[in-house]
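Q: build me a structure from this.
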Amino acid sequence: MKSKWLKNCIALFSITLVAGLALACVNEITKAPIAAAEEKARREAYESVFQNADFEPLENTESALALSVAAIDSANLTGCTVDDVLAAEDESGNIIGYVMSATSPSGYGGDIQIAVGISSENDSVTGFSVLSNSETAGLGARCTEDEFTAQFAGKSANGITYTKSGAASDTEIDAISGATITTGAVTDAVNSALAFYNEVLKEG
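A: Residues are numbered from 1 along each chain as shown. Just a heads-up that it's a prediction; the model follows:
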């Protein structure tokens, strides 16, 4: 009986070991393609939120992103993060704005990561896109639809609020009907990017 028990333990251990090694191999094989696909999607989102521009890393990207924490805290958006930033340049290499991704943890289904473009020529949002979300289909997930995302272009880079009664200024957007939590999370993510722009990137 003891010998049979030992054999079963060894067999179970062997199966677990082989399965673990196989999973590790699969993870290693797929890691690079997944990362490449995510980077491609991010670049495409940047191109959609800031058109007709070339994107280049900042000379001090890491230190700039480190400063975003204080800017976000100062704007009372603790928990949000700015995850990435690139300078948007014209054909002559002049910086005309920035594109960045930011994340709010406060979505109904968890994290919502967005991409936003900001013009430094007129301090306005050039475009907005949702990179990832886990919101409810038919409700919060509508944050990816053009009817909602198109509202952000042209809005003031000084900060954005949402309203349920119809946007009436360049600092307001219309909330998604029945999805106030999602709207709030998206707005927080955008405002995190705007706070970073105003406190760290904006000149003068």
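
Q: show me where the chain has its helices.
A: Counting by DSSP state H, the chain has helices at residues 2-49, 61-74, 146-149, 180-196.

Q: mean confidence score for the longest one?
A: Spelled out, that is helix 2-49. Averaging pLDDT along helix 2-49 yields 71.

Q: go on, the shortest one?
A: Helix 146-149 shows a mean pLDDT of 96 in the predicted model.

Q: other SSEs contacting that helix?
A: Secondary-structure packing of helix 146-149 (3 or more C-beta pairs under 8 Å, 6 or more residues apart in numbering; DSSP states H and E): strand 124-132. Where you see a C-beta, it was placed from the backbone N, CA and C, and this is true even at glycine.

Q: now find how far off-centre the strand it packs on is within its chain.
A: Average the C-alpha atoms of strand 124-132, do the same for its chain, and the two points are 9 Å apart (C-alpha atoms, centre = their mean, to the nearest Å).

Q: do stretch 118-130 as well
A: Centroid displacement of stretch 118-130 relative to its chain, using C-alpha atoms, centre = their mean, is 15 Å.

Q: next, the buried residues of that stretch.
A: 118-120, 124-130 (16 or more other C-beta atoms under 10 Å).

Q: neighbouring strands - and their directions - for the lengthiest strand in the chain?
A: Identified as the longest strand of the chain according to DSSP state E is strand 95-107. Strands that pair with strand 95-107, judged by DSSP bridges, come out as strand 81-89 (antiparallel), strand 110-119 (antiparallel).

Q: sorry, back to before: pull the most distant pair out of the buried residues of stretch 118-130.
A: Using C-beta to C-beta, the two most remote members of those are Ser120 and Val130, lying 23.4 Å apart.

Q: report the spatially nearest residue to Tyr98, omitting neighbours in sequence.
A: Once flanking residues are discounted, Tyr98 sits nearest to Ile118: 5.2 Å by C-beta to C-beta, 6 or more residues apart in numbering.
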